[in-house]
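1. model the structure of this input:
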Amino acid sequence: MKPLTPADPETKSADILAENIVRLKEIFPEALTEGKVDFEVLKQLLGGAVDEREEKYGLNWHGKRRARQIALTPSTGTLRPCPEESVDWDTTQNIMIEGDNLEVLKLLQKSYAGRVKLIYIDPPFNTGNDFVYPDDFRDNIRNYLELTGQVDGAGRNLTSNPEASGRFHTDWLNMMYPRLKLAKSLLRKDGLIMVSIDDHEVENLRRLGDEIFGEEAFLIQLVWRRRSMADSRNEDRASSDHEYVVCYKMLEAKLKGNPIDTNKYSNPDNDMRGPWFSADLTGIANREERPNLHYDLVNPKTGVVYPPSPTRGWSCAKDTMEEWIAEDRIIWPSKPDGRPRHKKFLNEVTRHETGFSSWLDEVGQTSEGTRVIQDLFGEKVFPFSKPCSLLRTLIEQATPENEGIILDFFAGSGTTAHATIEQNLADGGKRRFMLVQFPEPTGRKDYVTLADLAKERLRRVGEKVRKENPLLTGDLGFRVLKLASSNIRAWEPDRDNLPQTLEASVEHLKTDRTEQDILFELLLKLGLDLTVPIEEKVIAGKTVHSIGAGTLLVCLASQITREEVEHLALGIADWFKALAPAGETTVVFRDSAFTDDVAKTNLTAILQQHGLESVRSL
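-> A predicted model of the protein is given here:
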């Protein structure tokens, strides 16, 4: 039975750097020597694909190397469950996470890599006063705990973007780069990311997106009209009334589009081919550009000749036009000065959707977002929230199958979750939301942090929907989880009191943590969904948890003696057989629970005899 220690990869978030090296070794094994990359060999293997110019096109700024390193540094943190702050804890598939989104994105890698359908974020716009928290890749968990007052710290300011430096693009880029880098790996093959932004950083965001996702992954840049009345407060009399939503896509992603207008189809002549509409027959090219589209069109019944437009010609070549005439697809004019037109039939339409316009002027404005929250709370508790109608439009377009995980790691007041609930209600969808929000102070006594405000908003939205739809069976709940340091005690020797340190290190798990805390860290570190079902059963007087229908079996009893081992092991083996999990099962015990090594060895042997090969301890 191998104990899990803070040094094991299972106790950290995904090590993206190590995974990158493994992939490189699979493709170019000769480029690695004794575990190190030989860049000279790699350059030879890549040949002309290597750009060795001193001056290169790209986006560079002070701190970019460190930002890249931050994205590659694993997290040793965990997420602690908070059922008391949740709604429908046992059944919901939705998640609300309170914590530093950089660390949370790292922790989500094992459980949610390649699983998220849509990421929507509304990050700080870098106006000089926005809340942007600093990142310390050496110990960001402690950094977060200090900032939120959970441990003693240096009393640092909660804002790393003060007026003196907030307008420098560098600060914003250093904040965004590692988060977008981590976000990309969470997207499905048909996933999209949509980012709200204004004029201050839209150019940098596009360059950042091109570098992280690839230029070919750029999908569309939407322009959202955020207010109807021009701003008269500016001395220069210029009013910026719009924002952008920049969209990048994974390889198989596409938008839903808008349905074609079938109202224009009719069948006034009872054509056997069904409804049709009259389409223009003129082209788009002059005679010099497309001479084959410039010819006389003759009505075979009347002999009337219709010459082409000198600047446009016809829409098709002469042989195609003759086929349309033979098939009675040309509508001949009844007046001498009329122009022939083309019959287009509804039953021959291959695509029933048109493109989604980049101009968003009918999807609600900022005033709507403020009003919605005010109606929920009876007061203006959060200004300038994005309107639900905007988010619903984006969600509908990005999730044409009406399903999938929607992640927002700059959750603010929770508009993305609110919009997800409303869109599911509208189209019967089964989308799940996952929010991440830093506990930013609000200055209020009732909702102390912005995360508290978001949670309360979701509770009120759920209550409102239930009241208006008493027969609704959809998911209106959410699980609350909070970022914390690992439940596994790290070795921190007190050299002045070494005997006491050694005695304390016998117990690997922190004594102030619950069994549920430990279970959720195992979910994260072993790559299981944070809403996976957890069953509980008492075997030989010990509580055993089955997670994910037997994918993980956990017994955190504080004591297991030699005499109890056989009954416990056989009971677990029988439950394992009854659960019949599809893949491999891992069994985990508390390392300090065993009264001696014989008990541990015997338990491991019995379990392995019954097919449970992976037995670990904490």
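2. and the next element down the chain from the lowest-mean-pLDDT helix or strand in the chain?
-> Of all helical and strand segments in the chain, the minimum by mean pLDDT, DSSP states H and E falls on helix 498-504, at a mean of 49. On the C-terminal side of helix 498-504, the nearest following helix or strand under DSSP states H and E is helix 515-525.
3. so which bits of that following helix are buried?
-> Going by neighbour count (16 or more other Cβ atoms under 10 Å), the buried part of helix 515-525 is 515, 517-525. No exception for glycine: its C-beta is placed from N, CA and C like everyone else's.
4. for stretch 366-379, output the C-alpha coordinates as CSV.
-> Once side chains and other backbone atoms are set aside, the C-alpha atoms of stretch 366-379 remain, and they are given as CSV (Å, rounded to 0.1, in the frame of the first residue of the first chain):
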residue,chain,number,x,y,z
THR,A,366,-26.4,47.5,-19.2
SER,A,367,-29.5,49.1,-17.7
GLU,A,368,-31.3,45.8,-18.1
GLY,A,369,-28.6,44.0,-16.1
THR,A,370,-28.8,46.5,-13.3
ARG,A,371,-32.6,46.4,-13.2
VAL,A,372,-32.7,42.6,-13.1
ILE,A,373,-30.6,42.5,-10.0
GLN,A,374,-32.5,45.4,-8.4
ASP,A,375,-35.8,43.5,-8.9
LEU,A,376,-34.3,40.4,-7.3
PHE,A,377,-32.9,42.1,-4.2
GLY,A,378,-35.2,45.1,-4.0
GLU,A,379,-32.2,47.5,-4.2
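5. show me which positions of that stretch end up buried.
-> Across stretch 366-379, burial judged by 16+ other Cβ under 10 Å covers 366, 369-370, 372-373, 376-377.
6. elements contacting the host helix or strand of Asp574?
-> Here Asp574 is covered by helix 562-579, with elements defined by DSSP H and E. Helices and strands in packing contact with helix 562-579 are listed as strand 534-539, strand 542-547, strand 552-555, helix 597-609; criterion 3 or more Cβ pairs under 8 Å, 6 or more residues apart in numbering; DSSP states H and E.
7. need the residues that contact the following helix or strand past that helix.
-> Tracing the chain past helix 562-579, the next element assigned as helix or strand by DSSP H and E is strand 586-589. If you take Cβ atoms under 8 Å, 6 or more residues apart in numbering as the criterion, strand 586-589 is touched by 1, 4, 522, 526, 551-557, 560, 572, 603, 607, 612, 614-618.
8. try it again with 6 Å
-> Applying Cβ atoms under 6 Å, 6 or more residues apart in numbering, the set of residues contacting strand 586-589 from outside is 552-555, 607, 612, 614-617.
9. just among the residues you listed, which is most surrounded?
-> Neighbours here mean other Cβ atoms under 10 Å. Within those, the largest count is held by Leu553, at 28 neighbours.
10. ok, and the closest non-adjacent residue to that residue?
-> If the residues on either side of it in the chain are set aside, Leu553 comes closest to Val587, at 4.7 Å by Cβ to Cβ, 6 or more residues apart in numbering.
11. that neighbour - how many residues pack around it?
-> Applying other Cβ under 10 Å, we find 24 other residues in the vicinity of Val587.
12. what about it, distance to Ala540?
-> Distance, Val587 to Ala540, using Cβ to Cβ, to the nearest Å: 14 Å.
13. tell me where the model's unsure across the stretch 451-600 of the chain.
-> Applying pLDDT under 70 to the stretch 451-600 of the chain flags the ranges 490-507.
14. who does Ser614 form a beta bridge with?
-> Partner residues in beta bridges with Ser614: Thr586, with DSSP bridges as the criterion.
15. thinking again about what came up before, point out the most buried one among the helices and strands packed on helix 562-579.
-> Each of the helices and strands packed on helix 562-579 was assessed for mean neighbour count using mean count of other Cβ atoms under 10 Å. The highest is strand 552-555, with a mean of 24.
16. what sits closest to Glu440 if chain neighbours are left out?
-> Nearest non-adjacent residue to Glu440, counting by Cβ to Cβ, 6+ apart: Leu450, 4.4 Å away.
17. contacts only, for that neighbour.
-> For Leu450, the contact set (Cβ under 6 Å, 6+ apart) comprises 437, 440, 442.
18. can you pick the most crowded of these?
-> Neighbour counts for the contacts of Leu450 were taken using other Cβ under 10 Å; the highest belongs to Gln437, which has 25 neighbours.
19. what does the model give that one for pLDDT?
-> As predicted, Gln437 sits at a pLDDT of 96.
20. what bridges to it?
-> Beta bridges link Gln437 to Glu98, judged by DSSP bridges.
21. quick one: it and Phe410 touch, right?
-> No: the pair Gln437 and Phe410 fails to qualify as a contact (Cβ atoms under 6 Å) at a distance of 7.6 Å.
22. where do the helices sit along the stretch 101-250 of the chain?
-> 101-107, 109-112, 140-147, 169-184, 202-213 (DSSP state H, counting those that start in this stretch).
23. just these: most buried one?
-> With neighbours defined by mean count of other Cβ under 10 Å, none of the helices of the stretch 101-250 of the chain is more surrounded on average than helix 101-107, at a mean of 25.
24. list just the nearest of the buried residues of helix 515-525 to Ala578.
-> Ranked by distance to Ala578 (Cβ to Cβ), the buried residues of helix 515-525 are led by Leu519 at 20.3 Å.
25. distance of the closest one from Ala549?
-> Between Leu519 and Ala549 the distance is 15 Å, computed by Cβ to Cβ.
26. my guess is His352 meets Asn258, correct?
-> No: at 10.0 Å, His352 and Asn258 do not qualify as touching, with contact defined as Cβ under 6 Å.
27. list the residues that contact both of these two?
-> Between them, His352 and Asn258 share no neighbouring residue, with contact defined by Cβ under 6 Å, 6+ apart.
28. pLDDT weak spots in this protein?
-> For the chain, applying pLDDT under 70 flags the ranges 1-12, 34, 41, 44-45, 47-56, 126-139, 151-168, 232, 234, 490-507.
29. got the domain boundaries for it?
-> 2-71, 72-258+355-484, 262-350, 495-617 (automatic domain parsing).
30. give me the subset of the buried residues of stretch 366-379 that lies in helices.
-> Secondary structure assignment by DSSP state H places 366, 369-370, 372-373, 376-377 of these in helices.
31. tell me the most buried of the domains of the chain?
-> When the domains of the chain are compared using mean count of other Cβ under 10 Å, domain 72-258+355-484 is most buried, at a mean of 18.
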